[in-house]
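# here is a sequence with its predicted model. Questions after.
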Amino acid sequence: MSLSVCIYCASSNAINSVYYQETEKLARLLAQNNVNVKFGGGSSGLMGKIADVYVDENNDNIVGIIPKFMCEEGWQHQQLKQLIVTETMHERKQKMIENVDAAIALPGGIGTLEEVLEVLTWKQLGIFLKPILLVNINGYFDPLLIALEHAVSENFMRKEHLQLFTIISSVENILQDIQKNPTYDVSIRKIAQI
């Protein structure tokens, strides 16, 4: 059985080239290892970079999932063999995470951050139990980590919840990083509340 991942990432084109470089490295690694990817279906920014690499290397193994209104704006990647068009953003996010073995977050704006926080919430509540990896390119997620640690220090969440995701600074060993993540079950719900 091949590995399947969901990737959350930016659509901005006005970003530092280091983000594109690491994203391209990730996409090539996943494509060359026949990893199935679900992503937001867009043609710009880091989303576009992932799709471009897969179109070149392994177009059968990538699925773009995008809401109808974004297609009406022309934001979808045109070369994808598999593009699922949803009615709503909620449906898009649900389909992106269904039947995947891990969620990977690359840097992004409020949409990406919202997706990251939602999937972390789902894990805390025992809804999504698979590995969640944050690729901390250029220290991008450091402020988020500070905010989450502050939430722990103020007793809005437990220290154990900081272990529900893994921070990686480079993508070279991401397949091993996914495999070595601990397995969770719905008993995690017992510590959802403080």
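Cool, got the structure.
# would Cys6 count as being in a helix?
No: Cys6: not assigned to a helix; according to DSSP: H, G, I helix; E, B strand; the rest coil it is strand.
# need the pLDDT of the residue lying closest to Val135 once chain neighbours are set aside.
Once flanking residues are discounted, Val135 sits nearest to Leu106: 5.2 Å by Cβ to Cβ, 6 or more residues apart in numbering. To be clear about C-beta, it is placed using only N, CA and C from the backbone, and glycine gets the same treatment. Note on Leu106: pLDDT of 98.
# you'd agree Ile178 is up against Ile132?
No: using Cβ atoms under 8 Å as the test, Ile178 is too far from Ile132 to be in contact (9.9 Å).
# look up how far Asn181 lies from the residue nearest to Val135.
17 Å (Cβ to Cβ, to the nearest Å).
# higher neighbour count, those two?
Set side by side, Leu106 and Asn181 show more neighbours around Leu106, with 28 against 18, by other Cβ atoms under 10 Å.
# Thr166 versus the more buried one, what's the distance?
14 Å.
# what do Ile178 and Ile132 both touch?
Common neighbours of Ile178 and Ile132, using Cβ atoms under 8 Å, 6 or more residues apart in numbering, are Ala102.
# for the chain, what are the low-confidence residue spans?
1 (pLDDT under 70).
# which parts of it are strands?
4-8, 36-39, 62-67, 83-86, 102-105, 132-135, 166-168 (DSSP state E).
# save the ones you listed as TSV, and put in distance to Lys93 too.
Shown next, in TSV, are the strands of the chain (distance: least, Cβ to Cβ, whole Å):
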stretch	distance to Lys93
strand 4-8	9
strand 36-39	11
strand 62-67	9
strand 83-86	9
strand 102-105	11
strand 132-135	14
strand 166-168	21
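# near the nearest residue to Phe141 once chain neighbours are set aside, how many other residues are there?
In space, Phe141 comes closest to Leu134 once its chain neighbours are excluded; the distance is 5.0 Å by Cβ to Cβ, 6+ apart. Under the neighbour criterion other Cβ under 10 Å, Leu134 is assigned a count of 22.
# Leu134 against Val116, yeah?
Yes: counting by Cβ under 8 Å, Leu134 sits close enough to Val116 to count as a contact (6.9 Å).
# which neighbours do those two share?
Counting by Cβ under 8 Å, 6+ apart, the residues touching both Leu134 and Val116 are 105, 144.
# residues contacting Gln163?
By Cβ under 8 Å, 6+ apart, the residues touching Gln163 are Pro182.
# next one: Val116
8, 105, 132, 134, 144.
# repeat that with 10 Å
Val116 sits next to 8, 103, 105-106, 108, 132, 134, 141, 144, 165 when contact means Cβ atoms under 10 Å, 6 or more residues apart in numbering.
# for those residues, which one is nearest Pro67?
Tyr8 (15.0 Å; Cβ to Cβ).
# how much space between that closest one and Glu118?
The gap separating Tyr8 from Glu118 is 10 Å, by Cβ to Cβ.
# which one of these two is surrounded by more residues?
For Tyr8 versus Glu118, neighbours defined as other Cβ under 10 Å are more numerous around Tyr8 (27 against 17).
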